[in-house]
Structures are given as C-alpha cells and as structure tokens.
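Colleague: only geometry, no sequence info:
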C-alpha cells in the first residue's frame, strides 16, 4: 500500500499527547444523555420520574422519527433539562438495577457479511447508533432514506488530540470487523478505510474495505481530505463517514444485541498531568468531574470536547459525550507580554517565520494556552490559508463568498466538499484572528437551509 | 394617409422649419460680430507680443476693441510673405491654407513715425502633447527678441503648461536669434537653468521648465525654425 | 405654495442631479477649472434648461408621442446652438475656453431628463420652476467644484487672489481627475451628512 | 514591567464604555497594545492560536524597511555634503546631515498621518490599525529629500483620507495609501517630484559648476535621438555600478539596490512579502525591456534600447516592487494572480517609462494601475480555478468508474 502523501498542513507541537495505554474507569453515580446534535429537533419519550431500561428510548428525532436515542443504563429519569428556546438539553438518569434490557437483533460475524441494508439500518435506527455515522455534505446524521455513494471509515487522527484506534481496538478486533461488514451493507459503492502509517495489524488487515494510508501533517487525518483524494464529490453526491473508534461500538451492538455502555476516551492536552494523559474506557454519560478528578494540573483550564482545534468548550459540570471520544484540556491565560511585536519570539510559538520559533520551534513541544495572541482585525487576503487546506480550495475566496451570502459561488468553490473542522488550522494561523471555521459553518448552514 | 399621421408630419415639419429659420436668423445676425471677435483675439495676441499692455492696470480688464483697432490702424501694418521667395504677396493672393501650411507667412510691422520699430510673426509647433501657438516679436535689428506670447496649448498644467506664464515668456526678451556672424542660431531652452550650463551667460538660451524638457525642446525648435523661415525676408531688409 | 418650493429645493440637495443622480458629470469635470467658466456654463445650462422645460411644457399637448423624444432633442439643440452663438459673439474668450462643452449641453442628461420626466406632463409654470431648481442644483455643485479647483489649483477665486501670492498651485486640482476627487469628496460629505446613502 | 501594566490597567476604566474618556478608547487601546500584547482569549475553536498577529506582520515590514531607510539617511547627507562641497566631511557628518534632512520628513508623515488615523478611529469607534505605521514610513521614503515638509503633510493626509478612509478604512482600500499619497504629490506639485529637478538639498548660495542633478531616469528620457542612453547616463555620472550602489541623488530610499535586496530577503524569509509578486515584477520588467530592445533604434526613442539590467537598478522599480506592490490589501491574492499582477507591473513600468516622456517614473503608476486591476485578475483566476476544479473531479470520477 503506497501511502498518499499530504504536504499542506501543520502539526501543532502542543504538549499533552495521550499515552498508548488504556485504563478502565467505573462509575456508580448519575449518568446524563445529551441532545448534542445540531439541527436535530428532539421529541421526548420519557418524563421525569419514569423508570427506564438499558436501551430504552429516551427521545427521537422529529425529522427522522425512526431514529431513537436510547438510555445507556437502567434507572430513574431524575431530571430533564432544557436549553435555549426550550430545546432539550439533557436527560439525567439515576442508575438502578433494571428488569430486562432492551435487546436488538443479534448476528454472528459471518452473518453480518450479508444481512442486507434493511436489517443493518433497523438496528442502527432503533439503537440510535446511526447518529455516529455522518453524511456529507453538511456533516449531519446520516439519512437512512439515502443510499450513499460510498462510505469512509476514518481510522486515523492527526488533530491534537484524539483517541488512537490502535489502543481502542485492543480486545475489540471482532467488533471493528463487524462494523466494517455492516457498512458494506449500507452502500452499493466502496467502503474506504483510511489509515495512518502507524496503524496496527488488527486495523490494517480488516476485511471488506478498500484500504488507503494517508501520510502527512494535520489535516491528513480529516475525512474531507480522504474524500478529496479517493472519491471526490460533486454537489449532488452524498457520502457517509464514520470514525473507526465509533465503528467498534456499532460492531458491538450487532454482535451482542445490546446497546454498548462504554466508550474509549482520550484525555490529553497541556492541562492534564503527564501521568494521566492516556486512554480511558469510561461509562458513556459519566460526569466529567469524576473522570478528571486529580488528573489536571493546577490552575484554570478549558475543557474541550473534541480536539484543541475543532472541539467545543464544556462546563465542568457536564458529562462524557456519547458521540465524541476526545477530551482536551487547555490552560486558560490572559498573560500580557511586554512589546510583543518586537520580541524575537523564542518563547512564543508561531508557524510564521516572523518569530524565531517559526524556524525550528516545531521540533519541541509547547504548553499552549487559550491566549488569542493578538486582536481581531479585518480580513486581509493573503492566500496564507491555502497552505493549510490540502483540498484544492481557494479559502480566501470561499470565505468571502460566504460572507457575501453568495451561496452559488461558495458551492462552485467547493464548500460542499468540506467540513468546518477542515478550516481550523486557518483560524489557528490567521493573523487577523478570524474564525474561518465558524464562517464556513455558517455558510454550510445557509446552503442547507436554502437547499442546493 | 390617416389623420394622425398627417398631424404628426405637420407638427414635425413645423418644428423643423421654426427651428431652422430661427437658428439661421440668429447665426446670420451674429456672424459679423463673431468674426470680429476672432479677429480681435488674434490682434490682441499680436499686441501682447509687441509688448503692449492689453490689460488695464487698475481694473484688470482687457482694453477695448476700439483701442485695439486704433493700434492696428495707426501703428501696425500686416503683410504676408511668400516663404520660398521671401517677398511680400499682393493681398489678393493671400491664401489661408497656405498660411496654415507655412507656405505663406504673415508678418506684422510696428511703426512709429513712419519707421518700422518692431516686427512680429506667428510661431507654432509641437510641444509634448499638443501644438503650441504664439507670436514672436523682434526688435528693429531683426535678431533680438522684443517679446513672445504663447496663447494656446494643451500641455500639462504645472509642467509644460508653464509656457503661458509670464516668468517663462519674459526671459525671451533681449535674447538673440542671430549669432555674432549674423547666422541664425539654434535657440535653446535649457533644462536645469542657463546659469548652470553656461556660467558666463548665453544670449541664445532661456531657462527651461523643470519637469517639462520635451515641451521646452519643442519651443526652442519651432521658434528657431519659424525664425529661419522669415529670415530670408529679414536678410533683404537688413541688406537694404 | 409648498409644492413650488419643493420643486425648487428638492434638486438642490435631496435629489441633486449631480451628486445624487450623478448626471451631467462630463461638463462638471471639463469647465470647472475656473469659477468664470463654471459660472458661464451654469448660466448657459440654466438658460437652456428653463427655456426647454417651458417650451416643451407649452407644446406638451400637441407633441405626438411617437416623435416626442426627437422633438425634445430638436428644441434643446436649437436652444443650445443659440446660446453657443451668443457666447461666441459676446464672450469670445470664454466661449473658446468652454469649447465644445456648451454644445454638449444637448447631450446633457439633465436637460433631456427633465424634459422627459417633468415638462412633458406638467404646466409651464411648474416646468419653469423645475427647470430652475435643477439648474440651481447643477450650478451649486458646479460652482463648488470650481471654487475648490480654482482655490486649490491657482490660489484665486473668480480671478481674485484669495491665498498668499507665494501659494504653490496644486496641479492635480487643475487636471480632470482633480474634479473627480473634489466631486467625490462633495458626494461623500453630502451623503454622510444627509445620511442619504443606502447600501443596495 | 508588571508595574507599567498595572498603571495602564488602573486608568483603563476611564476609557471603557461609561468612562469619562470613552470616546478616546482607540487611543488607550493603541498605547496598551503597543506596550503589551493584548490579553484576549480565543473565544471558540480553535482553542489555541498561533503567535502571529497583524501587528507583528506589519512590524516585520517596518523592520524590512530599516536598511533602505538607513541608506536613505546616509545618502541624503552624503549628497548634501558633496554638492555643497563641505570640507572634511566624514561618514559621521553624512549621517548627522542626512538625519537632519530625512527625519523631519518621516516625522511629519507620522504625525499628520497619525492624527488623521486616530481621528477616524474615534469617529468610527474602532481600534487603531497598525497598517498606518507602514504607510506612514513607506510614503516619506518614496519622496525626494528636497520635498517641502508641507507637501509631505498634504500628501499623507490625502493618501490616508482618499486612499483609505473614504473606502472604509484598513482592509477595504483599493489602492495602496502610500502610493496614493505619492501619486497625489506627483500630479499636484510635479515640479518638486518629477525627477527632473535638482534632488539634492543645495544651500541657496552654493551651486557648483555643471551640477544639473537630474535623476538617471530623467537623463535617460531626455537622451536625444541617435545617441546611446548608456553613454548619456555615463556622461551624467551614472554608470551601472553607481546606480547599483546608489550613492546618487534620488528618492530617499530608492537609490541603492543592496539595502532593498536585504529588505526583500527579510520579507521573503519571514514569509510576509509575496515573493511571487517580486519575482513576477522582475520577470515582467526583463521581458518588456528586452522586447523594447528589439525595436528598430532609428524609429524609436533611444530609451527603448536600454538593457533590462539598467532598468532594474534605475529609479524606484525595486523599492516599489518589494515594498509597495506586495501590500496584501491592494495586491492580487491568488497565487496565479500574484504572478500575473507582478509581471504586468514590470511590463507596465517599462512601457510608461519608455513610452511616456512626461512620466519618467512609471513604477508608481504601474502599481496603482494594477492595484485597480487586481480584483479583476483574481476574479478570472478564481473562475478558472472553479472550472478546472469541476473538470478535474469529473475526470477523476470517470477514470475511477472505468476501473
């Protein structure tokens, strides 16, 4: 397998890479299930005080009513909380011994090679795990009524930081293989498996998928890059994608017939004590406070669900996500440096060569903080962004088209092939400190609303 | 033919006829005055070249047409020369096209007490962007410049456009177009100033306009050339 | 009469033919180097515009609509030629400086525009007011631009020295782009002050 | 430094909304962010940010301007001392004399420009943008040392008002403000700046024999038909090597090639200056000048016969292409666009220089003209990209479908 080499991009040398070790974490207390999907309108199926079984439906998607979101644990619905505009925020469940877990269709590994699309979708919808599969364009939950052109499995991670599939797959090799088989049932096209050069044998030897190795700096591990190089999309195309770590859970569902209760989470970032930077198998929905207790450095931190580039800041009172398996902890900072514009820049990391660190600083690790390193300014067209997006896209002009609400232009410039996370590096390097990902996200939302 | 069409044509005809009659009448009525104005303008510029103050010192207004005519009837005599032979042409042979092509050369003589004191002739030529028009007046010796005026041009304001400024024109007064042997010189408009190039002075050169070398070169060239055209005639006068 | 007042005042700022409708720019650029030429041009345009408005208004019920435009042009052209001839006979030097721009009043959108937009459907009295108002709107801007250009360019105003003798003339103000710039600044200031500027 | 920061913060409340000096917040912000990096945090993703901000980027341009500025100061003094025949002038006296000539020009530019910039920031209630620091230095460096100070003030005021603020401020301007300012002076007061006059400060009563002081471009443009421009230049004291070295009269920072190349190297090394534009300019100039050389010498001005390596070191070409043409706000932004933009600047500069005797310095006009054209170039590059992109995807899918 000759690797596909990606040259554009940047590996940010941020400290806090998670070790390749896996620790089991158990939890006795309350569990929370979040409505964490953008654009999803939830319809509740339980009330406060109800007893729920493991695998029982908590809420459904109004748009795709077959898609059910289920409880990962048996217990009592302790509280239902709402966010802005009375939208469901989360359901808190106090675990107790259940009578009978809700079961799903169970298959052997061999059966899975040919169960057919309908059987595969039935389990995925009933369990809610279809929500782990995303659909391009717009990166929404896969639409069961659509047969995708192809499916991309992302078995690599180049962003700082995410779980390592080599660690997560340990002991779950069969489940991952089962997941790949299920995907082959969902599309008539190929299932692509995108691997890092370091992929373990268990991942490398998976059966049923077309395997490709991607090599290079971030965003070589982003699905958009894989799609772009393997099977580029035209505006009318629809493609599904799923992360390999999530595919393990899908495989477990089909092999065991019950909803998986745990997921592998990577805990990383400069805010985590060095010894605690590792992978954890945790009960889905457990409180962050319980997981993070005693593992962080002193000081104020930002807890990020996902990686440092594209993740979402969380409150410490929140819980482990059901769909995102990375936690990144970044120290907060408001430090002001004297005459920063004059400093040689030995102690300040920059990808630009205006700082000394831009010349050789990427060889060592940096304890980066949330400091913006500048002020917001108006956009200057420099072509700088293009160096960080290996997608044959003129980023400046795409951004301008979105800002001008020129959706036709944005589509012809290729916005539908992208995901906001692909532009995270642009925001990272932007001297005007623009939120490029946010602009692209807004553009995608506008196009989705207007229809293509 | 329908009634509407007939009305339309009648109306159109009426408008056309009314307009043309009105315009013809006005044009005919004003023609003489307009021609006088053109003539007056030309004469005014000749007077300026001769060094007559055409503006009233107090009011700043131009002198009256009567005064101009008075100068021309009393002190100025206009003749036209044949460029080839250098002789005066009979008034009936004067041809405007030939004058424009410089085959016939108009010449103005300034007379005092029956004697010619100064001569003036039109001079024109290419500057940088446009043709520059002017009059050049000579002293009685037919070599020393008595005055020069440039009254029409399209040069860059602030650069070549400075040719119509008095500082530029006044330097010409007293300069000579013949050398010591009586041969016509190549007159010069010197970039960077006469003083710099000729520390001892030069009576065949004036200071150029900074930033307008080509305009200056043009002026020097056409003044020299036009003088040479007239010089054939001047030699006969000097000879007599 | 409120409407008559409005007919005159409206084109002065809110609906100024030059700064708001951006018409008649060509002559505004060409004749504004000095106040004198600008003033004569303003008078010429006022004469043409008011009389063309009045004449076309008088004829409005007789003009067959099929040849409406051509009649308007004939009237305007005749008036312009008359003005041009008179200038040549009585203000020769100025007419030479104004050169073809007096003749080009024929194609000045303001004149034709007012004839089409107003005079053709209003009585002579009102049309006269409208012509006068628009002429004034045009003249004000023309004279403002000319003031700016003459003062900046030559240090004089209407031929009178208003700046110290050793003032160095600004050559840009004398060139046509200078008129563009001054006009642009006038439009900028006017739109900022009246907040008349609408995006899209 | 903690002490200084504390003092700054102590007064901050005065300038914040509701404070007594609320209207002057841009001034406070400017001084605080001049002294200290701002304390802002990344609001959302990405949660870590690169160290580079626009202030640093602009300061890099200023650093890159230091070598030509220093040379300009030295040279202004040197020219003064030579022309005025100052006896026993040492290097030190050149420096002092030059500083006395050049520093007031730079100061006037900064003070007048700064007042206007801050005034607009206060009216428009936004932060003082650092772009003005570059404009305020670039502009005086393009002026001859003989420029009257009032013209510097008028020029920078025009450049910032008409070149920038009228369009809405930094980032929205079409033209490079420094060049707009220079073009304004060029057309408004041509006698002082067209390159034909004496460009060395001369004491009123001390003019030496034969000193004409025209710049090389003026000499070249005025070479009479039939003569060789190189000979004319040599006669006027401008050999290729003297023009390369730059100890001649000219605009403050444009005369010497070496410090400009130093600055260019710094800009390219730091990744701030667009090397494609610089390279494009050099290529465009070379092509255009070489094509001109092919014209029959008899029918055209001798200036057409001048080899490109002379054009390269004459006038403000290098200074313009390195510092002015690369201004990211007014230049082309696409990579292909940058090549086209740079090449056309080079070509146009030569055409204007050689073909238009009234404007011996074509670089400024070429850059301004291409500033206006840059959005159009980019538009076509982007449309080409869109077409190619789609064709590419379709072709790849087709080949994939075939196996």
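Modeller: Yep, that arrived. In this text, all values refer to a predicted model and were calculated from it rather than measured experimentally. Numbering: from 1, shown residues only, chains lettered A, B, ... in the order given.
Colleague: Point me to the helix or strand that includes the residue of the stretch 351-452 of chain A found nearest chain B.
Modeller: Closest to chain B within the stretch 351-452 of chain A is residue A:381: 35.9 Å, counting by C-beta to the nearest C-beta. Where C-beta positions appear, they are placed from N, C-alpha and C, glycine not excepted. Counting by DSSP states H and E, no helix or strand carries residue A:381.
Colleague: ok, how many other residues are close to whichever residue of chain B sits closest to chain A?
Modeller: Per C-beta to the nearest C-beta, residue B:156 is where chain B lies closest to chain A, at 35.9 Å. Residues near residue B:156, counting by other C-beta atoms under 10 Å in any protein chain shown, number 25.
Colleague: ditto for the one 4 residues further on
Modeller: Applying other C-beta under 10 Å, we find 27 residues neighbouring residue B:160.
Colleague: Relative to residue D:191, how far out is it?
Modeller: Distance, residue B:160 to residue D:191, by C-beta to C-beta, to the nearest Å: 11 Å.
Colleague: and residue 241, what pLDDT?
Modeller: Using chain A here. Turning to residue A:241, the model gives it a pLDDT of 95.
Colleague: think we crossed wires, I meant chain D
Modeller: Residue D:241 carries a pLDDT score of 86 in this model.
Colleague: same thing with residue D:358?
Modeller: Per-residue pLDDT puts residue D:358 at 65.
Colleague: In contact with residue A:87, which residues are there?
Modeller: A:35, A:41-42 (C-beta atoms under 8 Å, 6 or more residues apart in numbering or on different chains).
Colleague: Between those, identify the one with the most neighbours.
Modeller: So for those (other C-beta under 10 Å), the most neighbours sit at residue A:35, 21 neighbours.
Colleague: My read is that that one contacts residue A:84, right?
Modeller: No - applying C-beta atoms under 8 Å, one finds residue A:35 not in contact with residue A:84, separated by 11.9 Å.
Colleague: Just give the number of residues close to the closest residue in space to the residue of the stretch 351-452 of chain A closest to chain B that isn't next to it in sequence.
Modeller: Excluding its sequence neighbours, the residue lying closest to residue A:381 (C-beta to C-beta, 6 or more residues apart in numbering or on different chains) is residue D:333, at 3.5 Å. Close neighbours of residue D:333, defined as other C-beta under 10 Å, add up to 26.
Colleague: Going by secondary structure, residue D:157 is in what exactly?
Modeller: Using DSSP H and E, residue D:157 falls within helix D:149-163.
Colleague: What segments of chain C are strands?
Modeller: Secondary structure of chain C, counting by DSSP state E: strands at C:156-157, C:160-161.
Colleague: Show residues contacting the last one.
Modeller: Residues external to strand C:160-161 that are found in contact with it (C-beta under 8 Å, 6+ apart): residue C:155.
Colleague: Parallel or antiparallel, which strands does it pair with?
Modeller: Sheet neighbours of strand C:160-161, with direction, are listed as strand C:156-157 (antiparallel) (DSSP bridges).
Colleague: Tell me which helix or strand comes right after the helix or strand of chain D with the lowest mean pLDDT.
Modeller: Least confident helix or strand of chain D, by mean pLDDT, DSSP states H and E, is helix D:190-193 with a mean of 72. Moving toward the C-terminus from helix D:190-193, the next helix or strand (DSSP H and E) is helix D:216-221.
Colleague: Out of the contacts of residue A:87, flag the one nearest to chain B.
Modeller: Looking at the contacts of residue A:87 and their distance to chain B, the nearest is residue A:41, at 68.3 Å (C-beta to the nearest C-beta).
Colleague: ok, now how distant is that closest one from residue A:121?
Modeller: According to C-beta to C-beta, residue A:41 stands 21 Å off from residue A:121.
Colleague: Tell me the bridge partners for the residue lying closest to residue B:217 once chain neighbours are set aside.
Modeller: Closest residue to residue B:217 apart from its sequence neighbours, by C-beta to C-beta, 6+ apart: residue B:189 at 6.5 Å. Beta-bridge pairing of residue B:189 under DSSP bridges involves residue B:206.
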